[in-house]
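> Below: sequence and its predicted model.
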Protein chains: 2
Amino acid sequence: MVAKRRSGCPIAVSLDIFGDRWSLLIVRDLMFKGLSTFTEFGAAGEGIATNVLAERLERLEDAGIIERLADPADGRKATYRLTSKGIDLAPVLVEMVIWAARYEATDAPPAQVREMTRHRARFLASVRKRLR
Amino acid sequence: MVAKRRSGCPIAVSLDIFGDRWSLLIVRDLMFKGLSTFTEFGAAGEGIATNVLAERLERLEDAGIIERLADPADGRKATYRLTSKGIDLAPVLVEMVIWAARYEATDAPPAQVREMTRHRARFLASVRKRLR
DNA sequence: CAGGATCCGTTTCGATACTG
DNA sequence: CAGTATCGAAACGGATCCTG
């Protein structure tokens, strides 16, 4: 990891998360789709390779955005979930979804997207409650 | 450019913008720093190479997020500015800045960041007004 | 000189195969 | 199931060159 360069604007320091396609998708899957295991991310994403997935999960964990919970009964099994820092990414994700639904979506937005758009605050509250 | 894969969630279709570090920085520079020329982006960013900058400007223009305005008097000179689609990225950027300022910023947030955090709606309105 | 385009060595990515 | 190892392909960044 290269040392962070200084900048007047704090967006810059978070580019490792925001500037990466896979990290964002993993957070989305955790936040909106209720996924939590390695295999689920691999299957549900848009085709992330296993090595890349492993590296991004580690990076997100190092950044304190997700935490890894090893199953005490079965060492092989592990689940991931968002930390409070990760949950606080919800407004960012929601704004992305709203923007994308408006300008980029090709098919009709699903119900969840409509809920985000029409009742943003209520939707955010329900996400927080569910993930906590 | 690879064909877009289908997905239930519209974030996926916008990864060309959201999943790229440089595109995000260019939009930020246009939106919050008032930059508008090739050279300004190159100097003010965190060290983007000219070839990469040229390609991202083209990509953002193709996506309809920025538009290129050639100076009719001086063919050498060109300025870029956000389209309305690009301006509508403001809420996303603002949420990113707020999040980053809370969790990642190492130095005290500048005045602009405080304004975003404390008076989000007012700040967004002023951005819209200035960029229109 | 501004705004790129081209070339090229290096890094990173990603698909597949493999392993505890 | 949850990841490593490998390796070719793509992207990056730096320098330089081109064009108006």
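Alright, I've got the coordinates.
> and the residue minimising distance to the centre of chain A, what element?
Geometric centre of chain A, nearest residue: residue A:27, 1.0 Å, by C-alpha atoms, centre = their mean. If you go by DSSP states H and E, residue A:27 is part of helix A:21-32.
> Now do that helix, average pLDDT.
For helix A:21-32, mean pLDDT rounds to 92.
> and that helix, is it in reach of chain B?
Yes. Against chain B, helix A:21-32 shows contacts by C-beta under 8 Å from any C-beta of the partner chain at A:21-22, A:24-25, A:28, A:32. All C-beta atoms are positioned from the backbone trio N, CA, C, and that covers glycine.
> Pipe the residues you listed into TSV and attach neighbour count per row.
Listed next are the residues of helix A:21-32 next to chain B as TSV, based on neighbours: other C-beta atoms under 10 Å in any protein chain shown:
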residue	neighbour count
A:21	20
A:22	21
A:24	23
A:25	24
A:28	21
A:32	20
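> what's the closest of those residues to chain B?
residue A:21 (2.9 Å; C-beta to the nearest C-beta).
> Can you tell me how far residue A:94 is from DNA strand D?
26 Å (C-beta to the nearest atom of the strand, to the nearest Å).
> Pull the number of nearby residues for the residue nearest to that residue when sequence neighbours are not counted.
Nearest residue to residue A:94, sequence neighbours excluded (C-beta to C-beta, 6 or more residues apart in numbering or on different chains): residue A:116, at 5.2 Å. Close neighbours of residue A:116, defined as other C-beta atoms under 10 Å in any protein chain shown, add up to 22.
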